[in-house]
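Peer 1: below is the structure, and that's it, no one-letter string:
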């Protein structure tokens, strides 16, 4: 059985996923594409030699009988409408972050999905498929370090462009930590606070960088997350979970080691696109496999998308207020309570 | 375009590849299977829900028009005949090691392939697709460490069964180092010598373990390779290339790090099957992609299979004689001189 | 020239220093001892076969002409009086922390020393002599990482006794970070805040453990220091300085590495006494050498003792209030402005 | 009690030891010096402000009643005569390598010392006092890795001068591995063989570099030692002991770690003098302490000096012959059988 995809949005990330499904993964096929820029949609079909129909818009594409699932890779503000329409049409949805640009929007999707009666939506939080995070999750679940008490995370980019603004440190950067860390410890966030250390001279005029975000969970875990998007030396993702019996940490990115020029070391990535390349493959393969095996996707849910949005909103508020802000989540529906375990993780 | 495979040999490794092509990789399909044990072939079709015909033998399978390529995963002594028949039929061949069980057999395949006029055969030396070795190769090619002078390698298994004999240290274990190391430094072997350190108490009565194999290349590189198949602590593959300007080494297998019980460390694999799992995927994906893009496979060639066999034979001789034995290769045909660079490495 | 020491306080730490000066370091000699417990003083002379006079109290000892310097290793509340008397007598003083138990007491010593006209006092903050911290300091001074922006520190003990109280996390544990970190970045503290993550089940009933202390410097550096005195796995001191161009971190404690039982790792210390053993030697050797070469000790000054006390007091207040507390230091006298660089570092 | 030293040879290494004993260690004092260059001896007294007599030669110095022990730090060919004279005079001897320049010379010292009736001589093989080697020794003794089967060692220098000849790779470089490795595994050498890999372009015309020396012990341990004195990247000493249950390795030299310029690493020493600086201190402190506590030095003995010389001679022969050469040691006298355990290790 082949899962037939429609692609809504044929920009850079849409094309990455088209390539993945066409040339690298098993069990999927692109049969339909659309983009607000129709020329882009047509070009994608041609470039990847797809046997796919170009549709004028998402609704037309969703009406096609041969479309089993959609990839929503349009720009963020368009996600909510496409996802709601897909649910309405009963199609599976793999949607890049954000699920919606507001908490209310996310909640509308949650409610639509619950009304539909089974899970259709997976949000593209790929870190849950990264081998390092999977090992951390496993270690915690196996009680290897006892109860988690603290987490130290860092999200570092060598540099960012002039268009990167202070709030993007939350919405575009920290958002991945927000998703993966509550999943890691199976807990919910309660408060968030943001501190601004001395500003790096490499940060452009209007950007506050670095930032330190402190999150507390309902269970009392304190998470200290450094966002540092002009760190110069590399793209570096760190995560250390400190438990009652010991500590586990993400591995460094796998590089040969070298001894040269009075140094012994490894290479650090400079390009973020290389860091989670395996995780991107795995999340999409798992999306397809889970649907085939269980009739539902098993990755990050609409509810996870809602959590990310509510948490990010509170963090943005904390950026402005300097105060500890409360994160107020609605009660988790039973619908979303069954564990989401990747089939292929 | 889908590459349609026939599988000759539906034992454990054959089934691994069937699963890979059916469920994990893009662009291939199993359309035919055979096995000396027909029940096994039928079971494979059933187990993996293949849309494939069961043939009575390799020749019948090779006669099928819809078979583009074969996987030769039968037992070693049967490889040569199947590969020769496949070449005769003009089918692409992915054959697990050994290409043939004798140097003469390998040479017959080389000659048949040259007569055919283009490369059809890829030998399953998967290490060339391992990210660590690929990085080492890249570093050497980029002159990062200058000319290579020495290599220190280790191939360690936690333990082996009673049926593992002293010569298998060469044919089953060192064979992977034999293939990957000459590729790494783009050089040919000249001599081989074997030393037996103090025997491990964990080695069974008739097994000499560990062994130290010293290989010299025509260019003067000295390779010291430890084979240690009762090392107890883990499955561990090490490779350090010492050059004129510096040293590069394989990374440790990627594990989370931990601090616990007065230790700071990482986990070491105990099961060899987990070590090169990505490389197995990549070699088959590359086999398919290369054929589609260039009309030929680009991985380890029949000539590489021949080199491995001649070198292993000399090493076996050196195991018995205790002397430095010469490795005598025929001159490399121009046919095999074009670089074999993985398309997807 | 031999520096002749009187020892005020012959408990455990006093005896460690007596051994050091008598048996391990060059240029010093114990000529006088006293203790509120006279039997202890006599026993010390006997145990270490000292050629030393036992005095009834610190004042009598300080009156001895042949005493050049004193080691103040009595209990904390007695330090201030002994140090003031030593300054009055014009003797050099090596005093274990705390310099005095109150900020006012420290300030009285500062003023007495300034009145005396040259530096006599060194406080026993040994970390400044640890090879790892010395390398960090050097790297920062050489602009290897640009301007420091953040520091992540951790102070972990495997466990503590029932008598260890929440405030001791500041006065006995964090006090070392307080001293060494402002020295490292050559900056002064401005605020301090304390957070309490989920409590470890290994912490006894009245102890809040772990704690996260956040210090901000006048220059804007944000320091996040974890105190975790029931971490179980080892005695572990970590310090990572994040600068504009890169990051430097303390080395792990030097251990052989091992591969065993499916692990690759190093040993972590369980006993804090082994961690800074070289630093204890070096601080005392430097005290003696500096006095001989420059007429003054060059280690941590009375002013550093004052800074530590004021900062610790604010941190204690922050433990109770949960708020960000201000650290208010008097203006640094020119007298203490000359850099204190260890002669032997 | 102070051990009063006479120094025979006031060149670079003699002066290092003079400084050490005068300014850094406890319990020793330089009271006499001599040098074939009398001006050098006088200058040493002046430079280090020694309260010491300059003698015209070693015999005159040895006749001085106030000399308890001598440091023999003259050039190698003069060692034997001075050591024999010191034994004759009943003085303790700390002699830098070589004990004597021939095996026969070493044996004459062994016999003289046995005739004297107690150990007087310690040879300056400082690695036995290095913390890393001490930990390896401890691990092996505690059966942490079971029986040792193989050792992989490397001795790398960034570069050497024009006057460094092929045989010096044995006498000056490998000599330290020769001493420390048999001590480590408590075994004796049996054979030695030397291989020459491809020559480094950085080696000057008459120097064969790198070299690989293979030593076998009587117990069957195979040691592979790389000598690589133009490795460019640093001064690097490696030692890995592979046992039946696991592996232990020397730590890297202790350096802060850094993340910078797309790299994560540590610094490697460029200057060999920094590598064993603590071991030099400890060997001399132990020499003094052992004599005081036990009446004899406890470090490397005359017999160890003899082993080193015999082994080095066989290795030189192996350099020329290309063959496996036998190492023939006389039977170890009971006199030297008592374990030599450093008092302060």
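Peer 2: Looks like it came in fine. Only a predicted model underlies this, so the values are computations on that prediction, with no experimental measurement involved.
Peer 1: residue A:98: neighbour count?
Peer 2: Neighbour count of residue A:98, defined by other Cβ atoms under 10 Å in any protein chain shown: 22. Where C-beta positions appear, they are placed from N, C-alpha and C, glycine not excepted.
Peer 1: quick check: it touching residue A:306?
Peer 2: No - between residue A:98 and residue A:306 there is no contact under Cβ atoms under 8 Å: 10.1 Å.
Peer 1: ends of stretch A:61-73, how far apart?
Peer 2: In stretch A:61-73, first residue to last residue: 14 Å (Cα to Cα, to the nearest Å).
Peer 1: show residues contacting that stretch.
Peer 2: A:3-11, A:13-14, A:17, A:31-34, A:53, A:55, A:58, A:79, A:82-83, A:85-86, A:88-89, A:91-96, A:287, A:291 (Cβ atoms under 8 Å, 6 or more residues apart in numbering or on different chains).
Peer 1: in strands, which of those residues fall?
Peer 2: A:3-8, A:31-34, A:53, A:55, A:92-95 (DSSP state E).
Peer 1: pick out the most distant pair among these.
Peer 2: Farthest-apart pair in the ones in strands among the contacts of stretch A:61-73 is A:53 and A:95; separation 21.1 Å (Cβ to Cβ).
Peer 1: need the contact list for whichever residue of the stretch 51-200 of chain A sits closest to chain C.
Peer 2: Nearest to chain C, among the residues of the stretch 51-200 of chain A, is residue A:198, at 3.3 Å (Cβ to the nearest Cβ). Shown in contact with residue A:198 (Cβ under 8 Å, 6+ apart): C:147, C:148, C:149, C:219, C:220, C:221, C:222.
Peer 1: how about the helix or strand containing residue A:104: buried residues?
Peer 2: Per DSSP states H and E: residue A:104 is located in helix A:103-116. For helix A:103-116, a neighbour-count test (16 or more other Cβ atoms under 10 Å in any protein chain shown) marks A:103, A:105, A:106, A:107, A:108, A:109, A:110, A:112, A:113, A:114 as buried.
Peer 1: so what touches it?
Peer 2: Here helix A:103-116 makes contact (Cβ under 8 Å, 6+ apart) with A:80, A:83-84, A:87-88, A:90, A:98-100, A:119-121, A:302-303, A:305-306, A:309-310, A:313, A:330, A:333, A:335-336.
Peer 1: from the chain's centroid, how far away is it?
Peer 2: 18 Å (Cα atoms, centre = their mean, to the nearest Å).
Peer 1: what pLDDT, on average, does that helix get?
Peer 2: In this model, helix A:103-116 has a mean pLDDT of 98.
Peer 1: next helix or strand past it?
Peer 2: strand A:121-123.
Peer 1: counting contacts, what elements does the helix or strand following that next one pack onto?
Peer 2: Proceeding N to C from strand A:121-123, the next assigned helix or strand is helix A:131-141, under DSSP H and E. Counting by 3 or more Cβ pairs under 8 Å, 6 or more residues apart in numbering or on different chains; DSSP states H and E, the packing neighbours recorded for helix A:131-141 are helix A:175-185, strand A:236-243, strand A:247-249.
Peer 1: helix A:131-141 to helix A:175-185, inter-axis angle?
Peer 2: 30 degrees (axes from the mean of the first three to the mean of the last three Cα atoms, to 10 degrees).
Peer 1: ok, which of the helices and strands packed on helix A:131-141 comes nearest chain D?
Peer 2: strand A:236-243 (6.8 Å).
Peer 1: the closest one packs against which elements?
Peer 2: By 3+ Cβ pairs under 8 Å, 6+ apart, strand A:236-243 packs against helix A:131-141, strand A:148-156, helix A:175-185, strand A:247-249.
Peer 1: just give me the neighbour total for the closest residue to chain B within the stretch 1-150 of chain A.
Peer 2: The minimum distance from the stretch 1-150 of chain A to chain B, using Cβ to the nearest Cβ, falls at residue A:135 (4.4 Å). The burial count assigned to residue A:135 is 21, neighbours taken as other Cβ under 10 Å.
Peer 1: adding mean pLDDT, write the helices and strands packed on helix A:131-141 out as a markdown table.
Peer 2: Formatted as a markdown table, the helices and strands packed on helix A:131-141 follow (pLDDT from 0 to 100):
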| stretch | mean pLDDT |
| --- | --- |
| helix A:175-185 | 98 |
| strand A:236-243 | 98 |
| strand A:247-249 | 98 |
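Peer 1: picking up where we left off before, more crowded one of residue A:53 and residue A:95?
Peer 2: residue A:95 (26 against 17).
Peer 1: tally of neighbours for the spatially closest residue to the more buried one that is not a sequence neighbour?
Peer 2: Once flanking residues are discounted, residue A:95 sits nearest to residue A:72: 3.9 Å by Cβ to Cβ, 6 or more residues apart in numbering or on different chains. Residue A:72: 26 surrounding residues under other Cβ under 10 Å.
Peer 1: what residues does the stretch 1-150 of chain A put near chain B?
Peer 2: With Cβ under 8 Å from any Cβ of the partner chain as the criterion, the stretch 1-150 of chain A meets chain B at residues A:21-27, A:131-132, A:135-136, A:139, A:144-145.
Peer 1: top of these by neighbour count?
Peer 2: residue A:136 (28 neighbours).
Peer 1: residues in contact with that residue?
Peer 2: A:184, A:239, A:241, A:248, A:249, A:250, B:256 are the contacts of residue A:136 under Cβ under 8 Å, 6+ apart.
Peer 1: who's in contact with the fifth one?
Peer 2: Listed by Cβ under 8 Å, 6+ apart, the contact set of residue A:249 reads A:136, A:238, A:239, A:240, A:241, B:256, B:257, B:258.
Peer 1: just send these back as TSV, with distance to residue A:164 too.
Peer 2: Rendered in TSV, the data for the contacts of residue A:249 read as follows (distance: Cβ to Cβ, whole Å):
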residue	distance to residue A:164
A:136	28
A:238	20
A:239	22
A:240	26
A:241	28
B:256	30
B:257	31
B:258	35
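Peer 1: farthest pair within those residues?
Peer 2: Top of the distance list for those (Cβ to Cβ): A:238 and B:258, 14.7 Å.
Peer 1: tell me which of these two has more neighbours.
Peer 2: Neighbour count, other Cβ under 10 Å: between residue A:238 and residue B:258, residue B:258 has more, with 25 against 16.
Peer 1: could you give the bridge partners of the more buried one?
Peer 2: Residue B:258 has these beta-bridge partners by DSSP bridges: residue A:248, residue B:265.
Peer 1: wait, it touches residue B:264, no?
Peer 2: Yes - with contact defined as Cβ under 8 Å, residue B:258 counts as touching residue B:264 (7.5 Å).
Peer 1: tally up the residues packed near the residue lying closest to residue A:247 once chain neighbours are set aside, please.
Peer 2: Distances taken as Cβ to Cβ, 6+ apart put residue B:259 closest to residue A:247, at 4.2 Å, once the chain neighbours are dropped. Neighbour count of residue B:259, defined by other Cβ under 10 Å: 26.
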